[in-house]
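Chemist: based on what follows, work out the 3D shape:
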Amino acid sequence: MFQKKQQSLDSGRFEYLQALVTEFQDTDNQEAKEQVLANLANFSYDPKNYEYLRQLQVIDLFLDMLTESNENFVEFGIGGLCNLCLDKTNKAYILQANGIQPVISCLSSPNEETVVSAVTTLMYLCTSSSRQEITALPVVECMLRFSASANRRLSNVANVFLEDYCTPAQVAEARNLSKHTALGIPLPKD
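Modeler: Alright, predicted model coming up:
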């Protein structure tokens with residue numbers, strides 16, 4: 001009895017997620033699209049949804065949102081990726097889809113949520129094969145700048161990145177270079 005009920009719930013879950021994706025694709029209303037993306041990002045927290053979200057190509061949808069001009073699309077896209085990428089299969093997919101550079105581009109967003117999610121996503125995507133790209137000098141310079149921010153959330157997450165994902169030599173090199181160059185990445189607005 002329990003197994004049949006669980007299969008029914010799982011079927012309903014997939015159908016609901018599929019309806020959200022269809023609504024996103026079919027509507028021209030920007031506010032409706034934002035709401036659907038926010039819902040999909042929220043559903044990305046639950047590991048029970050991972051397989052369904054992969055089947056529905058929601059990871060690709062989130063990656064596509066990172067290059068949109070609508071800041072809310074970017075925020076919900078990076079938020080969804082951040083929620084999904086702790087799963088090894090999802091992480092591998094994002095890395096194979098060349099997702100690191102679009103995530104790095106989110107570091108220049110004026111939206112605090114987008115930037116914090118981007119930093120967190122980069123940490124979650126860090127593997128032995130992706131570490132070099134994720135901790136490239138421009139990214140480390142950016143994190144140094146964020147670590148000096150008056151914004152505590154941003155400062156804290158940037159400090160975790162610097163301490164846990166960068167070598168002391170990388171941080172020193174970025175500090176030295178920062179003294180001689182102007183960084184072009186603005187801090188997000190509070």
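
Chemist: list the contacts of stretch 35-53.
Modeler: The contact list for stretch 35-53, computed with C-beta atoms under 8 Å, 6 or more residues apart in numbering, reads 10, 13-14, 17-18, 20-21, 23-24, 27, 58-59, 61-62, 65, 72-73, 76-77, 79-81, 83-84, 87, 89-90. For the C-beta atoms, the positions are set from N, CA and C on the backbone; glycine is no exception.

Chemist: mind running it again at 6 Å?
Modeler: Applying C-beta atoms under 6 Å, 6 or more residues apart in numbering, the external contacts of stretch 35-53 come out as 14, 17, 20, 23-24, 58, 76, 79-80, 83-84, 87.

Chemist: if you look at these, which of them are in strands?
Modeler: Judged by DSSP state E, the contacts of stretch 35-53 include no members of strands.

Chemist: residue nearest the middle of the protein, spatially speaking?
Modeler: Nearest to the mean C-alpha position of the chain, by C-alpha atoms, centre = their mean, lies residue 78 at 3.3 Å.

Chemist: my read is that that one contacts residue 107, right?
Modeler: No - contact status for residue 78 versus residue 107: not in contact, 10.1 Å apart, counting by C-beta atoms under 6 Å.

Chemist: okay, and the common contacts of those two?
Modeler: residue 118.

Chemist: before we move on, back to that, and the spatially closest residue to the residue nearest to the centre of the chain that is not a sequence neighbour, what does it touch?
Modeler: Closest residue in space to residue 78, ignoring its immediate chain neighbours: residue 117 at 4.4 Å, by C-beta to C-beta, 6 or more residues apart in numbering. For residue 117, the contact set (C-beta under 6 Å, 6+ apart) comprises 78-79, 82.
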